[in-house]
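Engineer: what follows is a predicted protein model with its sequence.
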Amino acid sequence: MAATRTGKTSKPASTKQRTANRPKRTALRTRDPVATRQRILDAATREFARLGFGGARVDAIAKRAKANKRMIYHYFGNKNHLFLAVLESAYGSIRTAEQALDLEHLEPEDALRTLTEFTWQYYLAHPEFLTLVNSENLHKARHLKQSRIVGGMFSALVDMVRKILQRGVRKGVFRKGIDPVQLNITIAAIGYYYFTNRFTGSIIFKRDLMAPKALKQRLAFNVETIMRLVRK
């Protein structure tokens, strides 16, 4: 017991009193649901990109997000729904960036060239996007089939490319009859294959496919390939 100035001893505070006297924490993470959800989503993106859907663990995601499993289940329901949210966010990011290119105000050839270069640079800057797509393909798109928003994202992309092709035809620089879906697949494929096979390709072709010079040469080749494909 502690002695007071009057000489009397004071009783030690009870556990309940000590708890009541503690300064209250001013920023519990759960008080900001938007930030908490985004932190979990960011952590899940990194884990799923690193280990795939099968290898990622909810415990590891919770630790990385500085959250607990209960919060993950609260915001996303389960691991499958969390992975779908990650995929939707990944596709949403690239689609938003494409729309920001403002291609409708460029000449048709410049617009298509810009889109081709952008796709390559986006893959290069966001390798996690490719690994997430790889993982979902291993699972035969069983998560993406449940999405209510991804289809609309791709409809907007196809429509954007269709309008570029139509403008090019009217101007007389593009040939008629090009399927915008097929063109989109080709633009994605010539970059996607290069990056997803960069390790094996570097060995097989005996060159460093990720060297700055090699990347520059490949981008130029991609652009030329697409432009030759659509020109009259």
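Structural biologist: Done, it's in.

Engineer: could you measure from the residue nearest to Arg37 when sequence neighbours are not counted over to Phe48?
Structural biologist: Closest residue in space to Arg37, ignoring its immediate chain neighbours: Tyr75 at 4.8 Å, by Cβ to Cβ, 6 or more residues apart in numbering. (Each C-beta comes from the backbone N, C-alpha and C, glycine too.) Going from Tyr75 to Phe48 by Cβ to Cβ, to the nearest Å gives 16 Å.

Engineer: which one's more surrounded, the two?
Structural biologist: Phe48 (25 against 17; other Cβ atoms under 10 Å).

Engineer: now for that one: which residues touch it?
Structural biologist: Ala56, Phe83, Val86, Leu132, Ser135 (Cβ atoms under 8 Å, 6 or more residues apart in numbering).

Engineer: looking at the residues you listed, which has the most residues close by?
Structural biologist: Val86 (29 neighbours).

Engineer: and it, what element?
Structural biologist: helix 79-99 (DSSP states H and E).

Engineer: buried residues in that helix?
Structural biologist: 79, 82-88, 90-91, 94-95, 98 (16 or more other Cβ atoms under 10 Å).

Engineer: how about stretch 58-66?
Structural biologist: In stretch 58-66, counting by 16+ other Cβ under 10 Å, buried: Val58, Ala60, Ile61, Ala62, Ala65.

Engineer: my guess is Phe174 meets Gly168, correct?
Structural biologist: Yes. With contact defined as Cβ atoms under 8 Å, Phe174 reaches Gly168; the gap is 3.1 Å.

Engineer: what is in contact with these two at once?
Structural biologist: Pro108, Val230.
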